[in-house]
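>>> what's the 3D shape of this:
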Amino acid sequence: MKIMFRATVFQAVVPALMIAGDFSPLFNGKDLSGWKLINGKGPGYVVEKGMIVCPADGGGNLYTEKEYFNFVLQFEFRMEPGGNNGIGIRAPQSGDAAYSGMEIQILDHHHARYEGKLKPTQLHGSVYDVFGAKDEGMKPAGQWNREEIVADGRRIKVTLNGKVITDANLDDVKDPAVLKKHPGLARTGGHIGLLGHGTRVEFRKLRIKELP
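The predicted model follows:
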């Protein structure tokens, strides 16, 4: 996300974070093979103890080399207090992923530094600046959270620690100004990215299942 201070297969019959089928790892636990850093800051992203880490003095956009279209993405993340990152989906490797693709917000939005400064579409799990997420399910900073992002056609669904916090139909966006600002809403595929903003955020157990 961009904050000025830088800070129903989908129905309840399918348990959250339990979609069946074969998943492929996005991260080998050892190095960043299969990923490409764009506009890196400082050390960019590093690998520590089986995690992809955006250090506090790092960041930039770390994209998969492969493109993905319809998929289920699962991962775990842990943030320092006030942590700020994002998951780019269907994004090109150029431009701002929040607009040229889509960004699913990763944010410790309960932190005091964000108090009174956020729109509903900037809460954790939002499709940034387009669809707001429910303020549910987030564990305190310093604890691991489990998240699942489903991109299936025009539907984007985000589940955090077993709670569905975003369930959006991209076709519901009718405002010409929003569509012009977010051309990425029309994309059917692209790269998955970790979008760092200069706070420490850790990722592990990244895996993906491609859908028809």
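>>> For Gln74, which non-adjacent residue is spatially closest?
Leaving aside its sequence neighbours, Gln74 sits nearest to Glu148 (Cβ to Cβ, 6 or more residues apart in numbering; 4.9 Å). To be clear about C-beta, it is placed using only N, CA and C from the backbone, and glycine gets the same treatment.
>>> That neighbour: how many residues sit nearby?
For Glu148, the count of nearby residues is 19 (other Cβ atoms under 10 Å).
>>> what secondary structure does the closest residue to Pro81 other than its chain neighbours sit in?
Closest residue in space to Pro81, ignoring its immediate chain neighbours: Ala141 at 4.3 Å, by Cβ to Cβ, 6+ apart. Under DSSP: H, G, I helix; E, B strand; the rest coil, Ala141 falls in the coil class.
>>> Low-confidence stretches in the protein?
1-21 (pLDDT under 70).
>>> quick one, what contacts the residue nearest the centre of the chain?
Geometric centre of the chain, nearest residue: Ile87, 2.2 Å, by Cα atoms, centre = their mean. Going by Cβ atoms under 8 Å, 6 or more residues apart in numbering, Ile87 touches Leu73, Glu103, Ile104, Ile106, Ile149, Ile192, Gly193, Leu194, Leu195.
>>> Is it bridged to anything, and to what?
Beta-bridge pairing for Ile87 (DSSP bridges): Ile104, Leu194.
>>> Gly193 versus that one, what's the distance?
According to Cβ to Cβ, to the nearest Å, Ile87 stands 7 Å off from Gly193.
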